[in-house]
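In: Sequence below, structure please.
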Amino acid sequence: MAKPAYATGAQVEHQKFGLGSVVTCTEDQIVIKFDDHGEKKFLTSIALGHLKKSDRQPPAEKKRATRKKAAAAVPVEVAS
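Out: Below you'll find the predicted structure:
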């Protein structure tokens, strides 16, 4: 099996989607998480012509704000 064209975590620039980080790369497909366009999947054979390596440092992962779970509703007995 051939070595993937891009290693996981490699920084790339796409002509249309801009800067991104390689999530996975196989002989068949490459998945890139773009800064402004989210995750995109491409056929490796087609995508390689539209990508170039970037020297930038990977962006820091944004932490999602965690929401507190709502307190469970306590059933109230109604006196009849």
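
In: now the strands for this structure?
Out: Secondary structure of the chain (DSSP state E): strands located at 11-14, 18-25, 29-34, 38-43, 51-53.

In: Enumerate the positions of the fourth one that are buried.
Out: Read that as strand 38-43. Within strand 38-43, the residues scored as buried using 16 or more other Cβ atoms under 10 Å are K40, F42. For glycine as for every other residue, the C-beta is placed from the backbone atoms N, C-alpha and C.

In: For the closest residue to Q57 other than its chain neighbours, which residues are in contact?
Out: Distance criterion Cβ to Cβ, 6 or more residues apart in numbering; nearest residue to Q57, sequence neighbours excluded, is Q11 at 7.7 Å. Q11 makes contact with L19, G20, S21, V22, K53, S54, D55, R56, Q57, P58 under the criterion Cβ atoms under 8 Å, 6 or more residues apart in numbering.

In: Show me the residue at the heart of the chain, geometrically.
Out: What sits nearest the mean C-alpha location of the chain, by Cα atoms, centre = their mean, is K33, with 3.4 Å.
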